[in-house]
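Asker: the sequence and its predicted three-dimensional model are supplied below.
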Amino acid sequence: MTKELFIQGNEACARGAIEAGCRFFGGYPITPSTEIAEYLSIALPKVSGSFIQMEDEISAIGSVIGASWSGIKSMTATSGPGFSLMQENIGFAIMSETPLVIVNVQRGSPSTGQPTMAGQGDMMQARWGSHGDYETIAISPSSVQEFFDFTILGFNLAEKYRVPVVILADEVIGHMREKVHLQDNIETLKRIKPKEDLKDFLPFKNVENGTNPMPSFGDGYNIHVTGLTHNERGYPITTSPKDHSTLVKRLVNKILKNRENIVSTNFKYCDDADIVLIGYGSPIRSIMEAVKIGRENGIKIGYLKINTPWPFPEDEVAKIAKNVDDLIVVEMNLGQMVHEVERVAKNDTNVHLFSEIGGTLPKPTDILNKVKKLL
Amino acid sequence: MIQINPDLCKGCYICVEICPKSVYLISNVTNKKDIKIPAPENEKNCITCHLCELECPDQAIYVEDKND
Amino acid sequence: MAEKNKQDFITDEEKNPYIKYFRKDRLPTIFCSGCGIGITINSFLKGLESADIDFNNLSLVSGIGCSSRVPGYLNCDSLHTTHGRAMSFATGLKIGNPDLNVVVFTGDGDASAIGGNHLIHAARRNINLTVICINNNIYGMTGGQVSPTSPEGTLATTAPYGSIDTPFNLIDLVTAAGASFVGRWTTAHPLQLSKTIKNGLLNNGFSFIEVVSQCPTYYGRKNKLKTPVSMIKMFKENSINKRRADTLSEEELLGKIVVGEFVNKKRGELSKKIDDLSYIKSGRNTIRKSAYIF
């Protein structure tokens, strides 16, 4: 059984969060993400959850980390300026292995930029925004349906790998209205308590797959959670090169070694294509239209849709690169993910950038004109 | 009976100063960090007010209540 | 000097009344000799015992700085967070599970400089946290820089000619922001402090307890108070009880440390309000630990 609704992207995200088991939201108003907070302020008390509007984005993510350790699936939503403010605590969430979801409805940037217009300028910030070495998971929806589905996916990945997951949406997806199918048999991932006795449990053990079960505060494990480099017990140990290296490599590898389980892409017409368009988020809509028109006009063109910009789908891009003459990366910034595509594809094919900034979606005909110039 | 744990004592001598009955004196015994440990030299004057326990920043003092 | 042998000091460390609450595998602490933080910990533990609070239901939260190292030494759930932000982590923790007793350990820099905004908003919300702010008037962890509570004229590594800033009065700050329990003592008043901490823990709302504390290493050495003992003596001599202070003029109070309990009033508490709203809208309180359920 599915229910059909015609709703705004931000509402779909909020509904997805509730379906995924989110019962705490801490946030701060910012265009164009505010409707997520507004919807959850109505919805959370109705499902025995908690909503709080904090004093800024720094405290918003702080409250979310605290709530997650209390044993509640938790999230916040923001846009570029707020995402910048959150960066230090995102690093804390990485280091302390705190599952949570951050929705970033991207707008025109830098700085205050274009609050009501779309952009994709935060792609690299999502990857490298906090200081230090780390790997992260980011998911980009390109429709209202995907904003719903990917929010649920984000919560499941956050729990599975005990990491902060960023939903990198944009203003177009946040504010557009589309039909959404709400399934009622949604799979959610429950948090699992440790099996060991209280005394034997090492909360930050150097386990093979990288991820330990997570107790909550008040369970009796007397855990110590710190952003300092810590040993398996959680105690600070800040001058041992070996302990630091073991910890940071485990945190990085739990994403990298599971890359194939996390990465998600879709592609079409790539088998016989001479040129493949690569994109993520709302510009995918323009790409699909450009490919449709191109194919109708006999141009051998296909597309690769990246659902998970981070970790970057290296293998998928490399595979396509071997069989095409040109790759065109379409993004609403002056070129960010194109560098990743170049990194894995430049020896096999020509990599080009189609860049559109200013807040509106790239036009399919403009993309097609770029394609025609390469033929 | 008053006990002092030399491993925890850092030699701040707050106990020597705040004891209302001047029970403590700095002894000649040093710990691993070469700190001279205070000793309850005038223990007989102790009124077991436990102020030294509370004021010892390093949890190094134990004062046993006297059985009358 | 008294003649003593090493064996005179053989001791059963379990017997100290406070040591049983420590993570013993982490001792000794990193705190300097004579640091007031250890005295504050003792007073806190004494207050906790007299308030009859279950140590196993206690969650400690802290930010960055010497005072923020306290939770790492006590054997309960503890969250050592980013600089200045402890109040926001504690807010999420308390709302997520209102059954927890949440205590924040912070310092003057952590709470009132980088974390000033979170402090006043936590006080405004009257969320049931007990905040113990160990105020040593200096940044100790980074080596003795001037802080928002350093008195004018204080010598610090970043105030080599004496501080020309006007300091915060933390008590006035949190009182104005709406804290429902406010107290201040010094490390020269451990008994009074433990009683005030007890009262703060029992207050169902935002409790702020300032502990004026010595940093002999950085504050003392630079400001002609070289030993912990001289600093504690100074606190004792300059302290004046709130009741007496109320009768004195501003000039007469110059350089004095006013101690006592300043606010103790009942006011609606945030996590209870959120629980109540959940009850009205869903027929039950907020679900505890729901991440393990769905």
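Answerer: Received, thanks. Residues are numbered from 1 along each chain as shown, chains lettered A, B, ... in the order given.
Asker: can you pull the contacts of the residue in the stretch 101-250 of chain C that chain A sits nearest to?
Answerer: Minimum separation of the stretch 101-250 of chain C from chain A (C-beta to the nearest C-beta) falls at C:H121, amounting to 4.2 Å. No exception for glycine: its C-beta is placed from N, CA and C like everyone else's. By C-beta atoms under 8 Å, 6 or more residues apart in numbering or on different chains, the contact list for C:H121 reads A:54-55, A:59, C:87, C:177.
Asker: quick one: residues contacting residue 20.
Answerer: Assuming you mean chain A. A:73, A:151-152, A:154-156, A:186, A:188.
Asker: sorry, should have said chain B
Answerer: Applying C-beta under 8 Å, 6+ apart to B:P20 gives the contacts B:47, B:49, B:51.
Asker: of the residues you listed, which is the most crowded?
Answerer: B:L51 (18 neighbours; other C-beta atoms under 10 Å in any protein chain shown).
Asker: so it sits against C:Q192, correct?
Answerer: No - if you go by C-beta atoms under 8 Å, B:L51 and C:Q192 don't touch, sitting 11.9 Å apart.
Asker: nearest spatial neighbour of residue 15, skipping sequence neighbours?
Answerer: If you meant another chain, say so; for now it's chain A. Leaving aside its sequence neighbours, A:R15 sits nearest to A:F148 (C-beta to C-beta, 6 or more residues apart in numbering or on different chains; 6.2 Å).
Asker: please go with chain B instead
Answerer: B:C52 (4.4 Å).
Asker: which elements pack onto the longest strand anywhere in chain B?
Answerer: Counting by DSSP state E, the longest strand found in chain B is strand B:25-30. In terms of contacts (3 or more C-beta pairs under 8 Å, 6 or more residues apart in numbering or on different chains; DSSP states H and E), strand B:25-30 is packed against strand B:36-39.
Asker: same for the next helix or strand along the chain from the strand it packs on, what does it pack against?
Answerer: Using DSSP states H and E, the helix or strand that directly follows strand B:36-39 along the chain is helix B:51-55. Judged by 3+ C-beta pairs under 8 Å, 6+ apart, helix B:51-55 is in contact with helix B:14-18, strand B:61-63, helix C:36-50, helix C:190-202.
Asker: which residues sit against stretch B:39-55?
Answerer: Under the contact criterion C-beta under 8 Å, 6+ apart, stretch B:39-55 has outside partners B:1-2, B:4, B:14-15, B:18-27, B:29, B:61-66, C:2, C:4, C:8-9, C:16-18, C:39, C:42-43, C:46, C:187, C:190-191, C:194.
Asker: drop anything exposed from those.
Answerer: Neighbour counting with 16 or more other C-beta atoms under 10 Å in any protein chain shown marks B:2, B:4, B:14-15, B:18-19, B:23-24, B:26-27, B:29, B:61-63, C:4, C:8-9, C:16-18, C:39, C:42-43, C:46, C:187, C:190, C:194 as buried within the contacts of stretch B:39-55.
Asker: returning to that earlier point: pLDDT wise, what is the residue nearest to A:R15 at?
Answerer: Note for A:F148: predicted pLDDT of 98.
Asker: and if you look at C:K6?
Answerer: pLDDT, read off for C:K6, is 64.
Asker: grab the nearest non-local neighbour of A:S111.
Answerer: Leaving out its chain neighbours, the residue that sits closest to A:S111 by C-beta to C-beta, 6+ apart is A:P81, at 7.4 Å.
Asker: give the contact list for the one you found.
Answerer: Listed by C-beta under 8 Å, 6+ apart, the contact set of A:P81 reads A:30, A:57, A:109, A:111-112.
Asker: now do the SS call for it.
Answerer: At A:P81 the chain is in helix, as set by DSSP: H, G, I helix; E, B strand; the rest coil.
Asker: so it versus A:P32, what's the distance?
Answerer: 12 Å (C-beta to C-beta, to the nearest Å).
Asker: ditto for A:A14
Answerer: As for A:A14, its distance to A:P32 is 14 Å (criterion: C-beta to C-beta).
Asker: and A:D149, by the same measure?
Answerer: According to C-beta to C-beta, A:D149 and A:P32 sit 20 Å apart.
Asker: repeat that for A:L198.
Answerer: Relative to A:P32, and taking C-beta to C-beta, A:L198 is found at 46 Å.
Asker: same check on C:G162?
Answerer: In terms of C-beta to C-beta, C:G162 sits 50 Å off from A:P32.
Asker: then A:N185?
Answerer: From A:N185 to A:P32 the distance is 31 Å (C-beta to C-beta).
Asker: list the contacts for B:V23?
Answerer: Contacts here follow C-beta under 8 Å, 6+ apart; on that basis B:V23 touches B:2, B:40-43, B:45-46, B:52.
Asker: out of the residues you listed, who's nearest A:I94?
Answerer: B:C52 (44.6 Å; C-beta to C-beta).
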